[in-house]
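Student: here is a sequence with its predicted model. Questions after.
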Amino acid sequence: MNVPAPETLVIAEVLGRVGCITLNRPKALNALSLDMIRSITRALERWRDDDEVLAVAIRGVNKEGPFGSFCAGGDIRYFHQAALSGDASLEAFFTEEYALNHLIHTYRKPYIAFMDGIVMGGGMGISQGASLRIVTERSKLAMPETHIGLFPDVGGGYFLSRCPGRLGEYLALTGQVLGGRDAMAAGLADGFIDSGRLVGLWNSLAQTPFENGAAVERWCASHLSITVAAGSWPAKEIDRVFGLPDVHAIISTLESDDSEWAKATAATLRHRSPLMLHVVLEQVRRARGLGLADNLRMERGMVYRCFHLRPGAASETVEGIRALAVDKDHQPRWNPERIEEVGRGQVAAFFESPWAAEVHPLAHLR
C-alpha cells in the first residue's frame with residue numbers, strides 16, 4: 001500500500017499574510033498520524049516568529065474537495081497496532097499531540113479553525129484552542145472516546161468541564177454529537193456560517209490586505225452569525241442527573257425514569273466502557289480545578305495507564321478499538337462488564353502519574 005508523504009497529508013502554505021493549514025487525508029476523515037502532528041507543529045512554530053504571517057487558519061478536506069470534513073480524531077487503527085506490537089512511537093504520539101494542543105491554546109497570533117463536517121477527538125484538540133471556532137450546518141462535534149474504552153483526551157477535561165452546568169459530564173460520558181448551533185450553545189464554537197460560503201471566505205484570506213492579526217480575525221468574524229440559541233438538550237435534567245456523585249447514582253436515576261431522554265441516555269451508557277465511564281467522570285471533575293497545562297499533564301498520565309495498566313490485548317482501549325474499527329463486530333468485551341462492578345481502586349489507578357513531576361514528558365508546559 002502506498003502511503004502519501006507526510007507533507008502532502010498536511011498542506012501548510014502562506015497565502016497573502018495568513019498561514020493556511022489544510023488537513024489532506026480525506027479517506028481517513030483526516031485522522032491524525034504522528035507525522036501530521038509534527039507537520040502542524042512545525043508550521044505553527046515557524047509562523048509564530050514570522051512577522052510576515054499575521055494569523056493562522058486551519059481546515060480539512062473531504063473526498064470531493066475543500067471542507068466537508070475537519071478531523072475525525074487520532075488514527076485509532078494505529079493505536080491498536082502500536083499497542084499490540086509494543087511500538088514506542090505510540091508514547092511520542094500522545095506527548096507530541098498534547099504539546100500541540102497546548103501550543104494552539106497559547107498561540108500568540110489568531111488561530112482560526114474552520115470546523116466543517118466531522119470534528120471529533122483529536123479534531124477537537126486542534127480546534128478548541130482556536131481564537132475563533134467556526135461551525136456550519138454540517139458540523140458534527142463530539143468526544144466519543146468512552147465508546148472505544150478511552151477518555152476525552154487532547155484537553156477534553158479542560159474544555160468539557162467548562163461547558164455550562166453539568167453538560168461537560170454528559171458529553172464526556174455519552175459521546176453525544178452536537179451540531180453547529182448546539183456547539184455554540186455549549187461554548188464549543190464561536191460563530192456559524194453556511195458551508196456554501198466557506199470557499200469564498202477562505203480564498204479571501206489570500207486576497208485581503210490585512211494590517212494585523214486582529215484584522216484577519218475580525219474579517220472572518222464579520223461573515224459569521226454569532227447568535228446563540230438555547231441548546232437542544234434538557235439542561236435541567238442534565239444538571240440534575242449528571243451532577244450526581246458517581247456513575248452508579250447517574251445510571252440508577254436514569255433507569256428509574258421513564259422519559260424517552262432518560263431511557264435513551266441510559267441505553268447509551270450501558271454500551272460504553274463501564275470502567276472508563278467512572279474514570280471520565282472523575283477526569284472532568286478534577287479538570288474543573290486545573291489549568292490547561294496541569295490538565296494535559298494529568299491526561300498524559302491517564303493515556304499511559306490506558307495502554308499499560310493492562311498491556312496489549314487486555315487494554316480496555318485496545319479492546320474497544322478492536323470491536324469498533326478492526327474486527328468491527330461491535331461487541332466489545334469490557335472488563336469489568338458492568339458499571340456496578342467497577343471498584344474505586346481501578347479508577348484511582350488512572351490518576352497515579354507514571355512519572356515524577358520533573359521528568360514528566362510535558363513538564364515544560366506552562
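Tutor: The structure has been received and is ready for your questions. Treat the numbers as computed from the prediction; the structure is a model and nothing was measured. Numbers count the residues shown, from 1 in each chain.

Student: contact partners for Phe151?
Tutor: Contacts for Phe151 (Cβ atoms under 8 Å, 6 or more residues apart in numbering) come out as 145, 172, 276, 279-280, 283, 299, 302-303, 306. Where C-beta positions appear, they are placed from N, C-alpha and C, glycine not excepted.

Student: if any of those are buried, put those into a ChimeraX selection.
Tutor: Entered in ChimeraX, the line below selects the buried ones among those, by 16 or more other Cβ atoms under 10 Å:
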select :145,172,276,279,280,283,299,302,303,306
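
Student: and the contacts of Phe151, which is closest to Val347?
Tutor: Distance to Val347, by Cβ to Cβ, is smallest for Val279 among these, at 5.5 Å.

Student: the closest residue in space to that closest one that isn't next to it in sequence and Ala172: what is the separation?
Tutor: Leaving aside its sequence neighbours, Val279 sits nearest to Phe350 (Cβ to Cβ, 6 or more residues apart in numbering; 5.0 Å). For Phe350, the distance to Ala172 equals 14 Å [Cβ to Cβ, to the nearest Å].

Student: please apply the same query to Ala82.
Tutor: From Ala82 over to Ala172 the distance is 25 Å, taken as Cβ to Cβ.

Student: ok, Val247 next?
Tutor: Counting by Cβ to Cβ, the gap from Val247 to Ala172 is 11 Å.

Student: okay, and the common contacts of those two?
Tutor: By Cβ under 8 Å, 6+ apart, the residues touching both Val247 and Ala172 are Leu281.

Student: let's verify the closest residue to Ile76 other than its chain neighbours: helix, strand, or coil?
Tutor: In this structure, Ile76 finds its nearest non-sequential neighbour in Ile321, 4.9 Å apart by Cβ to Cβ, 6+ apart. The three-state label given to Ile321 by DSSP: H, G, I helix; E, B strand; the rest coil is helix.

Student: Glu337 and Gln331, how far apart?
Tutor: 12 Å.

Student: give me the more crowded residue out of those two.
Tutor: More neighbours surround Glu337 than the other of Glu337 and Gln331, with 12 against 8 (other Cβ atoms under 10 Å).

Student: contact partners for that one?
Tutor: Pro274.

Student: Thr227 falls within a helix, correct?
Tutor: No. Read with three-state DSSP, Thr227 is coil and lies in no helix.

Student: leaving out sequence neighbours, find the closest residue to Val216.
Tutor: Nearest one to Val216, counting by Cβ to Cβ, 6+ apart, is Ala55 at 3.8 Å.

Student: okay, now the one you found: neighbour count?
Tutor: 26.

Student: try Ser256
Tutor: Counted with other Cβ under 10 Å, Ser256 comes out at 9.

Student: how far does stretch 13-31 sit from the chain's center?
Tutor: Its chain's C-alpha centre and that of stretch 13-31 lie 18 Å apart, by Cα atoms, centre = their mean, to the nearest Å.

Student: could you give the mean pLDDT of that stretch?
Tutor: In this model, stretch 13-31 carries a mean pLDDT of 97.

Student: one more: stretch 332-347?
Tutor: Confidence for stretch 332-347, expressed as mean pLDDT, is 98.

Student: and for stretch 251-265?
Tutor: Rounded mean pLDDT across stretch 251-265 is 98.

Student: and for stretch 139-150?
Tutor: For stretch 139-150, mean pLDDT rounds to 98.

Student: and it, how far apart are its ends?
Tutor: For stretch 139-150, the first-to-last residue distance is 23 Å (Cα to Cα, to the nearest Å).
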